[in-house]
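*Asks:* Have a look; sequence and predicted model below, questions after that.
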Amino acid sequence: TTEEEAITHQALVLGDGHILCNNAGGNISIGDGICSSAVAGIGQKATANPSMIIGIAQEDVTFANNTETKLVAVQYGLQQFIPWS
């Protein structure tokens, strides 16, 4: 394989899927927007008003501690989002 093929990966941006998230924005509720966190490749609950998000949470997720990450079911979609609270 070429170097270009070695770094190629599939990115899903429409439909349902999962995003690996941390608790940087707090626990996640259904309907919360998911944006990028300070950790590369990890999402978080969107809290800035407005936020650019890549998905809407489809489940509630509670984090046990500050280092935990969890896969969060989302509906993908890049959009500007105003957090609920």
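*Replies:* In hand now; what should we look at?
*Asks:* Just the element for V74, please.
*Replies:* Taking DSSP states H and E as the criterion, V74 maps to strand 70-81.
*Asks:* Kindly report the same for I19.
*Replies:* Using DSSP H and E, I19 falls in strand 15-21.
*Asks:* tell me which residues in that strand are buried?
*Replies:* For strand 15-21, burial by neighbour count (16 or more other CB atoms under 10 Å) applies to 18-19, 21. In this view, the C-beta of every residue, glycine as well, is placed from N, C-alpha and C.
*Asks:* who are the neighbours of it, in terms of helices and strands?
*Replies:* Packing partners of strand 15-21 (3 or more CB pairs under 8 Å, 6 or more residues apart in numbering; DSSP states H and E): strand 43-45, strand 51-57, strand 70-81.
*Asks:* Can you lay out those as CSV showing mean neighbour count and mean pLDDT?
*Replies:* Formatted as CSV, the helices and strands packed on strand 15-21 follow (neighbours: other CB atoms under 10 Å; pLDDT from 0 to 100):
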stretch, mean neighbour count, mean pLDDT
strand 43-45, 25, 98
strand 51-57, 21, 96
strand 70-81, 16, 95
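*Asks:* and these as TSV, adding distance to S36?
*Replies:* TSV is the format used below for those (distance: least, CB to CB, whole Å):
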stretch	distance to S36
strand 43-45	6
strand 51-57	8
strand 70-81	11
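*Asks:* between those strands, which one is nearest to F63?
*Replies:* Taking CB to CB, strand 70-81 is the member of the helices and strands packed on strand 15-21 nearest to F63, at 6.8 Å.
*Asks:* Can you dump the C-alpha atoms of that closest one in CSV for me?
*Replies:* Output in CSV follows, covering the C-alpha atoms of strand 70-81 (Å, rounded to 0.1, in the frame of the first residue of the first chain):
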residue,chain,number,x,y,z
LYS,A,70,-18.0,6.4,26.4
LEU,A,71,-19.4,5.7,22.9
VAL,A,72,-22.5,7.9,22.5
ALA,A,73,-25.2,7.0,20.0
VAL,A,74,-25.8,10.0,17.8
GLN,A,75,-27.6,11.2,14.6
TYR,A,76,-24.7,12.6,12.5
GLY,A,77,-25.0,16.1,11.0
LEU,A,78,-22.7,19.1,10.9
GLN,A,79,-24.6,22.1,12.0
GLN,A,80,-24.6,25.2,14.2
PHE,A,81,-26.3,24.4,17.5
